[in-house]
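Engineer: task: produce atomic coordinates for the following.
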Amino acid sequence: MGAREEYARQFRRLRRLLYADNPALMSVEERWAEAQTRARIENLFGTKQLRRS
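Structural biologist: Prediction:
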């Protein structure tokens, strides 16, 4: 497993722990912060794989 997949897996696991994978529980600030984090990760890896489906 490459670093990209490992990071994405950890990211999803952390989000599940924090929000039970329910975006409705997230505040506007949290959504903004998650979007910023995802954009930063995507820039780092050059991928769009972390977008919420």
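Engineer: the helices in the chain, which residues?
Structural biologist: In the chain, the segments counted as helices under DSSP state H are 3-19, 28-45.
Engineer: got the angle between the last one and helix 3-19?
Structural biologist: So the one you mean is helix 28-45. 170 degrees (axes from the mean of the first three to the mean of the last three Cα atoms, to 10 degrees).
Engineer: show me what helix 28-45 packs onto, helices and strands only.
Structural biologist: Packing contacts for helix 28-45, counted by 3 or more Cβ pairs under 8 Å, 6 or more residues apart in numbering; DSSP states H and E, involve helix 3-19. Yep, even glycine has a C-beta here, placed from its N, CA and C like the rest.
Engineer: where are the low-confidence patches of this protein?
Structural biologist: 1, 19-23, 25-26, 47-53 (pLDDT under 70).
Engineer: let's see that with 80 instead.
Structural biologist: 1, 12, 15-27, 30, 45-53 (pLDDT under 80).
Engineer: tally of neighbours for Arg15?
Structural biologist: 20 (other Cβ atoms under 10 Å).
Engineer: that one reaches Glu34, doesn't it?
Structural biologist: Yes - counting by Cβ atoms under 8 Å, Arg15 touches Glu34, with 7.2 Å between them.
Engineer: any idea how far Gly46 is from Arg16?
Structural biologist: 25 Å (Cβ to Cβ, to the nearest Å).
Engineer: and these two? which has more neighbours close in?
Structural biologist: Arg16 (11 against 7).
Engineer: who touches that one in this structure?
Structural biologist: By Cβ atoms under 8 Å, 6 or more residues apart in numbering, the contact set of Arg16 is empty.
Engineer: and Val28, how many neighbours does it have?
Structural biologist: Other residues close to Val28 by other Cβ under 10 Å number 7.
Engineer: brain fart, Phe45
Structural biologist: 16.
Engineer: could I get the contacting residues of it?
Structural biologist: 4, 7.
Engineer: distance of it relative to Arg16?
Structural biologist: 20 Å.
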